[in-house]
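Fold the following.
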Amino acid sequence: MRYWLFLIAKLMGAVAVFASIWYGMEIVLPEPATIRDFKPRKFGQDLTWTVAIFAYFLAAVGTFYVILLDQRYRCRSCLRRLRMPVNSGAWDKMLRIGTPQVEYICPFGHGTLNVKLVQFHGGEKPGWREHDDMWRELESLSSGSPK
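Sure, this is the predicted structure:
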């Protein structure tokens with residue numbers, strides 16, 4: 001639940017920033033000249049306004065893409081960035097060894113994220129596996145006696 005609330009908070013923050021930028025553009029950029037009683041819309045008639053809208057659109061889309069990409073590589077429990085990427089598979093031996101993939105680990109041992117680098121069936125979702133305490137599991141394997 002915290003994971004989704006954090007995503008919503010980031011998106012709402014970005015919406016607030018871009019709404020204030022839009023409001024500032026409305027104030028700073030001048031209105032185009034009117035012809036009698038007809039008042040043309042700014043977009044498509046005024047080059048400055050059209051370029052500003054284009055830059056605004058690119059910045060907004062880029063920001064939302066970065067927010068979603070950042071959210072993808074966060075732990076589902078503690079919201080920290082996932083670390084320690086481990087590569088597996090091989091590009092030249094996909095049929096024998098397996099498709100190339102990267103596995104990321106939460107630094108506090110909450111879980112792992114498995115991201116496939118080759119997607120044959122469209123956009124495959126990354127596989128999140130939750131662990132109780134991964135580091136305790138690894139310590140018990142290294143000591144030779146399970147606890």
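
For stretch 59-69, what is the distance to the chain centroid?
7 Å (CA atoms, centre = their mean, to the nearest Å).

Give the buried residues for it.
Residues of stretch 59-69 classed as buried under the neighbour-count rule (16 or more other CB atoms under 10 Å) are 60, 63. From N, CA and C alone the C-beta is placed, and that goes for glycine too.

Go ahead and name everything in contact with it.
7, 10-11, 14, 17-18, 21 (CB atoms under 8 Å, 6 or more residues apart in numbering).

Try it again at 6 Å.
10, 14, 18 (CB atoms under 6 Å, 6 or more residues apart in numbering).

Would you double-check that residue 125 falls in a helix?
No. Under DSSP: H, G, I helix; E, B strand; the rest coil, residue 125 sits outside any helix and is assigned coil.

Going by distance to residue 43, which of the contacts of stretch 59-69 wins?
Closest approach to residue 43 among the contacts of stretch 59-69 (CB to CB): residue 18, at 16.5 Å.

how close does the closest one sit to residue 58?
12 Å (CB to CB, to the nearest Å).

ok, now residue 20?
Applying CB to CB to residue 20 and residue 58 gives a distance of 18 Å.

For ChimeraX, write the selection for the buried entries among the contacts of stretch 59-69.
Selection of the buried residues among the contacts of stretch 59-69 in ChimeraX, burial being defined by 16+ other CB under 10 Å:
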select :10,18
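
I'd like to know which of the contacts of stretch 59-69 is nearest to residue 77.
residue 10 (17.4 Å).

low-scoring stretches of this structure, by residue?
Applying pLDDT under 70 to the chain picks out residues 31-42, 44, 133-135, 137-138, 144-147.
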